[in-house]
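*Asks:* coordinates only, sequence not included:
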């Protein structure tokens, strides 16, 4: 029985080390990598928040695209960022049915087609974007 244990111990240790190395190698990339088109929702959220904080009008098409995301958090943050940049929401509600969201997304697309109508918001950044929450 002792000989069997000696044989199993090195095998078990090797198997554990192999599994551990595989798990470490399978970790996701940092959220700040990937941007709007990443399959990683954290990367999308990072890009959305960054665009909203910077009030970057060049990111409006990507933000409009994210309004149709399957991920409710991505949709919520996209409309918040669009509101920060433009001061408008076009009646979009991230929690609405797909049909209602689609109607509002079409309004965003039409609005963006005439860029003169989308002006940066003059309002100060919201607490949500700046991270200053009051309880």
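*Replies:* Nice, thanks for sending it over. Keep in mind the model is a prediction, meaning the values are calculated, not measured.

*Asks:* low-confidence ranges, the protein, go.
*Replies:* 1-32, 115-135 (pLDDT under 70).

*Asks:* check which helix or strand covers the residue lying closest to residue 96 once chain neighbours are set aside.
*Replies:* Once flanking residues are discounted, residue 96 sits nearest to residue 104: 7.5 Å by CB to CB, 6 or more residues apart in numbering. The C-beta positions use only the backbone N, C-alpha and C, and glycine is treated the same way. Applying DSSP states H and E as the criterion places residue 104 in helix 98-113.

*Asks:* and for residue 91?
*Replies:* Residue 91 belongs to no helix or strand, assigned by DSSP H and E.

*Asks:* where do the strands sit along this protein?
*Replies:* Assigned by DSSP state E, the chain shows no strands.

*Asks:* mind listing the helices for the protein?
*Replies:* Here the chain has its helices, by DSSP state H, at 2-25, 41-54, 60-66, 72-86, 98-113, 127-130.

*Asks:* what about the closest residue to residue 78 other than its chain neighbours, how many residues nearby?
*Replies:* Closest residue in space to residue 78, ignoring its immediate chain neighbours: residue 66 at 3.8 Å, by CB to CB, 6+ apart. Per other CB atoms under 10 Å, the neighbour tally for residue 66 reads 25.

*Asks:* what's the distance between residue 66 and residue 84?
*Replies:* Separation of residue 66 from residue 84 (CB to CB, to the nearest Å) stands at 14 Å.

*Asks:* residue 92 now?
*Replies:* For residue 92 relative to residue 84 (CB to CB), the value is 14 Å.

*Asks:* please apply the same query to residue 68.
*Replies:* Distance from residue 68 to residue 84, by CB to CB: 19 Å.

*Asks:* and for residue 73?
*Replies:* In terms of CB to CB, residue 73 sits 16 Å off from residue 84.

*Asks:* those two: which is more packed in?
*Replies:* residue 84 (24 against 14).

*Asks:* what's the closest non-adjacent residue to that one?
*Replies:* residue 52 (4.3 Å).

*Asks:* surely the one you found meets residue 86?
*Replies:* No - taking contacts as CB atoms under 8 Å, residue 52 lies outside contact range of residue 86: 10.6 Å.
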